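>>> based on what follows, work out the 3D shape:
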Amino acid sequence: MKKLIAFPLMASLLGLATAVNAGAVDTAAMLAVENDGSEWLSYDRTWSQQRFSPLQQISTENVDQLGLAWSIDLDNTRGLEATPLYHEGVLYTSLSWSRVMAVDAETGNILWSYDPAVDKSRARHACCDAVNRGVALWKGKVYVGTLDGRLVALDAKTGEPVWTKQTTDPSKPYTITGAPRVLNDMVLIGNGGAEYGVRGYFSAYDAATGDMRWRFYTVPSDPAEGPQATPALEEALKTWSDKTRWDMGGGGTSWDSIAYDPKLNLLYVGTGNGSPWNREIRSPGGGDNLYLSSILALRPETGELVWYYQVTPGESWDYTATQQLTLAELEIDGKLRQVIMQAPKNGFFYVLDRETGELISAEKFGKVTWAEKIDLATGRPVEVPGARYESGEPVTIWPSPLGAHNWHSMSYSPLTGLVYIPYQEIPATYANEGGSFVVLNGFNTGAGLENKELPREYATGALIAWDPVKQAPAWRVERPNHWNGGTLVTAGNLVFQGTSAGQLEAYSADQGAPLWHFPTQTGVIAAPMTYQHNGEQYIALMAGWGGAGGLFGGDAVQATGARNVSRMLVFKLGGKAQLSAPPAAEQLPDRVPQPVVAAASDIDAGSDLYATYCMICHGVGTVGNGILPDLRYSSDAIRGAWEAIVLQGAFQGKGMASFADSLTAEQANQIKLYIMQREYESWMAENQPVAE
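Below is the predicted model of the structure:
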């Protein structure tokens, strides 16, 4: 058992007794790995983003013999979303706060670590936890995007920084959580921040020097500032109204999926939601608002747009198209088609011709109430009346902003022809803020204070094996909880998935038969990967509960019993290692709460302010999430220092930024009163005698 005690700025925790092998990861290596599963060289293993491994030493016949080879307990209290990379005996991965480590695949020894020293107050502008989805490898360098918008190239042998580029304007609320991708000696990186009011783009940097090659903006600039930079943006401008709120940036951030077809020489990027979400505020009068919620195909040398397909025209629900883009060959109507597939947040599974962008098919893969279907003739959704919540009355819609499928990786097996989707079924209540909308230094959705309470029975999930040709499920495993991990499929006819309830599980890929499970002692959101080392196949996983669903979920999260126990877990056939006991849960204050003596108007105001500024991290209805403190049970000392924490930034080093630019002392106190009232209500609900 290895214990990661600390993560200093540049420290070799266990020395460099085992040398890091850093041979060439280049175009030839990336092409070779398509058929050779021994190494995992990119976030989704290959440029096609299938997350399929041709390894089959571990199979349906022997997976019940899979055991823990080794593990590392990590000094990490936020979500772990990274997929480790494996190259020549070394695993490379990232942790929360954009930290990176290299691990000896034989022993589990940490060879080097790197901490970019992100200002933790930046977490205020991270909609979805201080997470990082992983690193990239190329020609002896490791690349990571940092939460504060930097792209850093590290020496793969030592972890020393080679170059650093600030890819965003630090004065604006941009963040990076996604893994970089590298192709043709270029590093590609996007960013997040659309909830806070930014203009989306993604960029290509020279892998050797860090010089920017090109940048593609996903939405137009304010036309008052002059002509658009490219013909693609001039065309996009026509789809925005002449009353557009350009001060809100437009959104369209590309915070995750990037795929590449070397034969067609096309780069594919998914784009995100509008800023604000509500089109009636963002672009009064309507319009499709290109290139929000779209799949873009570009020339990688120049960033020139070749084609686009807009998944959700006039996006108003946070239905991003940043989810995984998977390239495959499918036989459709007797013809072999080169396709690109996506299961985005909006609940429809799309199959497109990846050379032309032609829509081949699209069907619901879960519960969808905002649209009846996708019209194959026009490629557009047939929306239901009232789906855009224009009236101002609250409207409950499936899926929620968490999506029918979020960033959690899906996988595709060319052997079974099935896609394995981490599905979730969660509603949201939207309401049009209309003329009452005020720009905040916080979430700016324009869609109301959705989901002040989320009953746990409304947040469920499933592992769905989806047939993309028939556009129908082949099999399905129900999950009682949402926010389960990404998937891995192998030639051993196995699908692996971690769960929010703290299990790593294996199923037969063709039929969905349960074959093996391992208790991880923590909720799992990342996807497993596999590699071959010294003739043995291994399965590796970053296990640690968190992310947007983990932070936001409140009561629904507590139903899983999960909390964050961050670990790197590595398995092999015949593995005999054991996990150490998880650390003890935080002790709650021993007190009997009393009714709050305050005006109802102050508590109501505190409820609204909490939903606006606090809910995204501390949970719906103040119900804790097992990652950050449950504010209902804050100690008396914390409540006594409330103003110092909330307004003066006393806990800034822990990720709790000052809100002095947004809240008055009176408003901060109203939030505290509301939290204290919620503690009293919770205690009463648990301790009142049941009426006979």
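
>>> does residue 412 lie in a helix or a strand, and which?
strand 411-413 (DSSP states H and E).

>>> run me through the strand neighbours of that strand, direction for each.
According to DSSP bridges, strand 411-413 forms sheet pairs with strand 418-425 (antiparallel).

>>> and after the strand it pairs with, which helix or strand comes next?
Counting by DSSP H and E, the element after strand 418-425 in chain order, helix or strand, is strand 428-430.

>>> check which helices and strands that next one sits against.
strand 395-397 (3 or more C-beta pairs under 8 Å, 6 or more residues apart in numbering; DSSP states H and E). All C-beta atoms are positioned from the backbone trio N, CA, C, and that covers glycine.

>>> helices or strands up against the strand it packs on?
Going by 3+ C-beta pairs under 8 Å, 6+ apart, strand 395-397 lies up against strand 428-430.

>>> for this protein, give me the ranges with low pLDDT.
Low-confidence segments of the chain (pLDDT under 70): 1-23, 449-457, 554-556, 689-692.

>>> can you list the buried residues in the longest helix seen in it?
Ranked by residue count, the top helix of the chain under DSSP state H comes out as helix 665-687. Within helix 665-687, the residues that qualify as buried are 667-683, counting by 16 or more other C-beta atoms under 10 Å.

>>> just the helices in this structure please.
Using DSSP H, helices in the chain cover 27-32, 231-237, 279-282, 547-552, 555-558, 600-613, 615-618, 636-640, 642-646, 665-687.

>>> taking the centroid of this protein, which residue is nearest it?
residue 407 (4.1 Å; C-alpha atoms, centre = their mean).

>>> for that one, which non-adjacent residue is closest in space?
residue 256 (5.4 Å; C-beta to C-beta, 6 or more residues apart in numbering).

>>> who are the contact partners of that neighbour?
133, 178, 190, 270, 322, 323, 324, 407 (C-beta atoms under 8 Å, 6 or more residues apart in numbering).

>>> number of residues surrounding residue 252?
32 (other C-beta atoms under 10 Å).

>>> how near is it to residue 294?
Residue 252 sits 8 Å away from residue 294, going by C-beta to C-beta, to the nearest Å.

>>> likewise for residue 582?
For residue 582, the distance to residue 294 - C-beta to C-beta - is 43 Å.

>>> one more: residue 538?
38 Å.

>>> my read: the residue nearest to the centre of the chain touches residue 133, true?
Yes: between residue 407 and residue 133 there is a contact at 7.1 Å, judged by C-beta atoms under 8 Å.

>>> what do those two both touch?
Residues touching both residue 407 and residue 133 by C-beta under 8 Å, 6+ apart: 81, 256.

>>> mind listing what residue 552 touches?
Under the criterion of C-beta under 8 Å, 6+ apart, the neighbours of residue 552 are 402, 615, 616, 619, 620, 625.

>>> pull the CA atoms of the longest helix of the chain into CSV?
Only the C-alpha atoms of helix 665-687 are listed here, as CSV (Å, rounded to 0.1, in the frame of the first residue of the first chain):
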residue,chain,number,x,y,z
ALA,A,665,-23.0,41.2,5.4
GLU,A,666,-26.8,41.1,5.8
GLN,A,667,-27.1,38.7,2.8
ALA,A,668,-24.3,36.4,4.1
ASN,A,669,-26.2,36.3,7.4
GLN,A,670,-29.5,35.4,5.7
ILE,A,671,-27.8,32.4,4.1
LYS,A,672,-26.6,31.3,7.5
LEU,A,673,-30.1,31.7,8.9
TYR,A,674,-31.5,29.6,6.1
ILE,A,675,-28.9,26.9,6.7
MET,A,676,-29.6,26.8,10.4
GLN,A,677,-33.3,26.5,9.6
ARG,A,678,-32.6,23.6,7.3
GLU,A,679,-30.6,21.9,10.1
TYR,A,680,-33.6,22.3,12.5
GLU,A,681,-36.0,20.9,9.8
SER,A,682,-33.7,18.0,9.2
TRP,A,683,-33.4,17.2,12.9
MET,A,684,-37.2,17.4,13.4
ALA,A,685,-37.8,15.1,10.4
GLU,A,686,-35.5,12.5,11.9
ASN,A,687,-36.6,12.8,15.5
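
>>> which helices and strands sit right next to that helix?
Against helix 665-687 (3+ C-beta pairs under 8 Å, 6+ apart) you get helix 600-613, helix 642-646.

>>> can you map out the strands along the stretch 501-650 of the chain?
Under the criterion DSSP state E, counting those that start in this stretch, strands of the stretch 501-650 of the chain are mapped to 503-508, 514-519, 529-533, 536-543, 567-573.
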